[in-house]
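**Student:** Sequence first, predicted coordinates after that:
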2 protein chains.
Amino acid sequence: MEGFTLIDDRPVDHALYAAHRDFFDATRPETPCLLLDLDVVSARYRELRAGLPDAAVYYAVKANADPDLLRHLVELGCGFDVASVGEVDACLAAGADPASISFGNTVKKESAIRYAHERGIRLFSVDSAAELAKIARAAPGAEVCCRFIVRTTGAQWPISRKFGCTEDDAVALLRDAVSLGLTPRGTTFHVGSQQREPDSWATGVATAARVAAKLAAEGVELDLLNLGGGLPVRYEETVPSLQTYFAAIDRAVTASFPTRPALIVEPGRYLPGDAGMIRSEVVLVTERENGLRWVYLDVGRYNGLVETDDEAIAFPVVAVRADGGFADEAAPAVLAGPTCDSTDVLYERTPVSLPVDLRPGDHIDILATGAYTTPYASVGFNGFPPLPSHCFGATDH
Amino acid sequence: MEGFTLIDDRPVDHALYAAHRDFFDATRPETPCLLLDLDVVSARYRELRAGLPDAAVYYAVKANADPDLLRHLVELGCGFDVASVGEVDACLAAGADPASISFGNTVKKESAIRYAHERGIRLFSVDSAAELAKIARAAPGAEVCCRFIVRTTGAQWPISRKFGCTEDDAVALLRDAVSLGLTPRGTTFHVGSQQREPDSWATGVATAARVAAKLAAEGVELDLLNLGGGLPVRYEETVPSLQTYFAAIDRAVTASFPTRPALIVEPGRYLPGDAGMIRSEVVLVTERENGLRWVYLDVGRYNGLVETDDEAIAFPVVAVRADGGFADEAAPAVLAGPTCDSTDVLYERTPVSLPVDLRPGDHIDILATGAYTTPYASVGFNGFPPLPSHCFGATDH
């Protein structure tokens, strides 16, 4: 086993990290790369199923569309929330049942709606009359789920005003769906990504119940509530336990709905986030202005680490040396990516603590990077290729 | 010819735009896409050669690595500034002479230095002792150019502390290059991208002259000055004429250097920026909160328009309808991209003015988008493919 030094006080799951390192040592893929542990994905999936037993899980494919990951989720019985024709194709290629796919993007080309519908997809999200009309034309008879906007705090990435209609508009759109020959199924909302307040779902659930009650009074029965995503990954911060989230959601549904609707949850980050580790190589270590040490890696903002933008996520990092260990002493370092772009800096405002004798050729492992990394990578900015990913676990052991 | 409406008061080169539209009408590529007019690239190249006749032009490949563009630049006699092995390969594949390539990234894997050197590249940039040692090992006898840091204002994207050493370090590194068997050629600096103050080069040129004088006193003769990039594209703002820049640079070199060094300029944005136009399609138009109109396009932050981040660049946009014109009236609209990501919004703080009857299927042309668009596109975030580009001009007419 390689020598390694844990740094900082960002929480590291040591058993998990050891498994990732073992896989790397056994396979030695070229770096930089993302390793994705499918056993962790399975565990998260089962945790979610156990915590919300009557909720169907629709994975938000945008978080990571690795084909092996999608196949694994199909095997687990997971459904999919897709944003585009490209994601429809990716799910079908992985063996997904079209009935387990929700086209959740409320902004779709009419050709995309038709394409999906022709391939058996039945459930489409909507938040405007214009989109509803497109669905009626391109996917006659389809089921629709209306997305309304909720005001929440506590999310690392709050949802903007880009999506979601008002409560009144939701009632009107679902009512109109009937006259357009569509099947109104229910409502959906999103509390924002990496949501740290378990009670954030309560407002949306109450709104959904009011919309359902108003339509029921008109004889339009809704039977579905899509709770969206937002379940957090641990990263450096202390987030409440998942059980707290599940209990809060369950409490809200029970309190608001006289008859419990079918539930959908759409985790993105939550399923593959903790399952991933990026292995990178140190390219240069040098002192810059004010004696500050800069460490340049072969991975950065343009080949995967977009979510270090504004240092939003402090991913745990581990220094690794192939031939022996490091000096005991550590010192702060700015962490930067490999491109000539001056914005390609990962942590400058809050330097990370790294061994004083770190040098080119050493590795830096960046943990909890299974979501929103590889799909954000550029096609090759500065000539650096996109971040490849390698799945292990499940079939491997 | 299609009907179209010019919007806002962002400056549009009408003749150029007409040529772009004609090419689109003749070829009808799938949208979204970038059209790149090689005749504009030729004109900018010649303008630069005429304005600074003794400066060799090394195109910063990171701005746009389209293979047809690179081939065209080779034909024009242009050199190349590369950041990686990927860009070395792209230039060589386009027919570039290795002697016309500068490996300008000061942070390189030793294997990348060796790779480039084995393919005939001779000139490497450096700004640290650790990098100089790598070059000495992996590219024995190579020529080095030392990058120092300059403090400038006036740049849209100022250069951070990520690159560049102090003046004293530059002297020391170039001195050490001799004892490491390398050939010190000169110095380089960067005033920041989209630089709006022509006099910004003066400080760097004076520093370069002092470094050269100090080393000359020790018997180490430098014969090269690399002026970097930073020449601006017009966008919406009033920038001084290029002649003002050329005159300011020429004045600075004449004032600082007793013997004029060989000059290199490394334009990135400047060469293909104005040559490009993105054609996108309107996917949805709907009212959101406060009656604000939102227009969703099939191009956004994750398939090319990264530089609308924080609304940094206000690209001129033109609404186009295939079958006839628009109503005369225009009204403000938020412009957003196609993904489910809430950050995928192009202009919200400063909405753009668009025809009141804009609808799905209409096109929006986004002008001056030839640089830093296609290379930033993600591999397929949300399942939307990268932005394809199509070159025309030069060979076409």
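**Tutor:** Arrived safely.
**Student:** For chain B, give me its nearest residue in the stretch 51-200 of chain A.
**Tutor:** Nearest residue of the stretch 51-200 of chain A to chain B, counting by Cβ to the nearest Cβ: A:Gly86, 2.9 Å away. To be clear about C-beta, it is placed using only N, CA and C from the backbone, and glycine gets the same treatment.
**Student:** Just give me the neighbour total for that residue.
**Tutor:** Using other Cβ atoms under 10 Å in any protein chain shown, A:Gly86 is surrounded by 18 other residues.
**Student:** what's it in contact with, if anything?
**Tutor:** Counting by Cβ atoms under 8 Å, 6 or more residues apart in numbering or on different chains, A:Gly86 touches B:Gly380, B:Asn382, B:Gly383, B:Phe384, B:Pro385.
**Student:** Please report the distance of it from A:Tyr59.
**Tutor:** 15 Å (Cβ to Cβ, to the nearest Å).
**Student:** tell me the secondary structure for the residue nearest the centre of chain A?
**Tutor:** Closest residue to the average C-alpha location of chain A: A:Arg269 at 2.5 Å, with Cα atoms, centre = their mean. A:Arg269 falls in the coil class when you classify it by DSSP: H, G, I helix; E, B strand; the rest coil.
**Student:** Please enumerate the helices of chain A.
**Tutor:** For chain A, the helices defined by DSSP state H occupy A:14-27, A:38-51, A:67-76, A:85-93, A:110-118, A:129-138, A:167-179, A:201-217, A:242-256.
**Student:** how about CSV for those helices, with distance to B:Pro355 added?
**Tutor:** Output for the helices of chain A, formatted as CSV (distance: least, Cβ to Cβ, whole Å):
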stretch, distance to B:Pro355
helix A:14-27, 54
helix A:38-51, 46
helix A:67-76, 41
helix A:85-93, 28
helix A:110-118, 20
helix A:129-138, 16
helix A:167-179, 24
helix A:201-217, 34
helix A:242-256, 43
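**Student:** Compare those and give me the one nearest B:Leu227.
**Tutor:** helix A:85-93 (42.6 Å; Cβ to Cβ).
**Student:** before we move on, back to that, how much space is there between the residue of the stretch 51-200 of chain A closest to chain B and A:Gly276?
**Tutor:** In terms of Cβ to Cβ, A:Gly86 sits 21 Å off from A:Gly276.
**Student:** A:Glu30 too?
**Tutor:** Separation of A:Glu30 from A:Gly276 (Cβ to Cβ) stands at 17 Å.
**Student:** and the two? which has more neighbours close in?
**Tutor:** Legend: neighbour count by other Cβ under 10 Å for A:Glu30 and A:Gly276, higher for A:Gly276 (28 against 10).
**Student:** Give the full set of residues in contact with that one.
**Tutor:** By Cβ under 8 Å, 6+ apart, the contact set of A:Gly276 is A:Leu34, A:Leu35, A:Leu36, A:Asp37, A:Asn64, A:Ala368, A:Thr369, A:Gly370, A:Ala371, A:Thr373, A:Ser389.
**Student:** Now for the nearest residue to A:Leu182 once chain neighbours are set aside, how many residues are close by?
**Tutor:** Spatial nearest neighbour of A:Leu182, excluding adjacent residues (Cβ to Cβ, 6 or more residues apart in numbering or on different chains): A:Val144 at 5.3 Å. Burial measure for A:Val144: 26 neighbouring residues, criterion other Cβ under 10 Å.
**Student:** Could you do A:Pro385 as well?
**Tutor:** Neighbours of A:Pro385 (other Cβ under 10 Å): 16.
**Student:** hang on, it packs against A:Tyr302?
**Tutor:** No - applying Cβ atoms under 8 Å as the test, A:Pro385 and A:Tyr302 come out as separate, 10.7 Å apart.
**Student:** Quick one: name the residues of the stretch 1-150 of chain A near chain B.
**Tutor:** Within the stretch 1-150 of chain A, the positions adjacent to chain B are A:60-62, A:65, A:82-90, A:104-105, A:107-110, A:127-131, A:134, A:149 by Cβ under 8 Å from any Cβ of the partner chain.
**Student:** do you know how far A:Val144 is from B:Cys391?
**Tutor:** With Cβ to Cβ as the criterion, A:Val144 and B:Cys391 are 43 Å apart.
**Student:** got it, and A:Ser353?
**Tutor:** Per Cβ to Cβ, A:Ser353 is found 48 Å from B:Cys391.
**Student:** quick one: which of the two has more around it?
**Tutor:** Shown here are A:Ser353 and B:Cys391; by other Cβ under 10 Å, B:Cys391 has more neighbours (24 against 17).
**Student:** for the more buried one, what are its contacts?
**Tutor:** Residues counted as contacts of B:Cys391 (Cβ under 8 Å, 6+ apart) are B:Leu36, B:Asp37, B:Leu38, B:Asp66, B:Asp68, B:Leu69, B:His72.
**Student:** could you redo the last one with a cut-off of 7 Å?
**Tutor:** By Cβ atoms under 7 Å, 6 or more residues apart in numbering or on different chains, the contact set of B:Cys391 is B:Leu36, B:Leu38, B:Asp66, B:Asp68, B:Leu69.
**Student:** Show the pLDDT at the residue nearest to A:His72 when sequence neighbours are not counted.
**Tutor:** Once flanking residues are discounted, A:His72 sits nearest to A:Leu38: 4.8 Å by Cβ to Cβ, 6+ apart. Listed pLDDT for A:Leu38 reads 97.
**Student:** The one 4 residues further on now?
**Tutor:** Confidence per residue is given as pLDDT, and for A:Ser42 that number is 97.
**Student:** same question, A:Val150
**Tutor:** 90.
**Student:** Any regions of the stretch 201-350 of chain A where pLDDT drops low?
**Tutor:** A:235-238 (pLDDT under 70).
**Student:** which bits of it sit near chain B?
**Tutor:** Contact residues (Cβ under 7 Å from any Cβ of the partner chain) of the stretch 201-350 of chain A with chain B: A:283-286, A:288-289, A:296, A:298, A:336, A:338-340, A:342, A:345.
**Student:** repeat that for 10 Å
**Tutor:** Counting by Cβ under 10 Å from any Cβ of the partner chain, the stretch 201-350 of chain A comes close to chain B at A:229, A:268, A:281-290, A:292, A:294, A:296-298, A:302-304, A:306, A:309, A:334, A:336-345, A:348.
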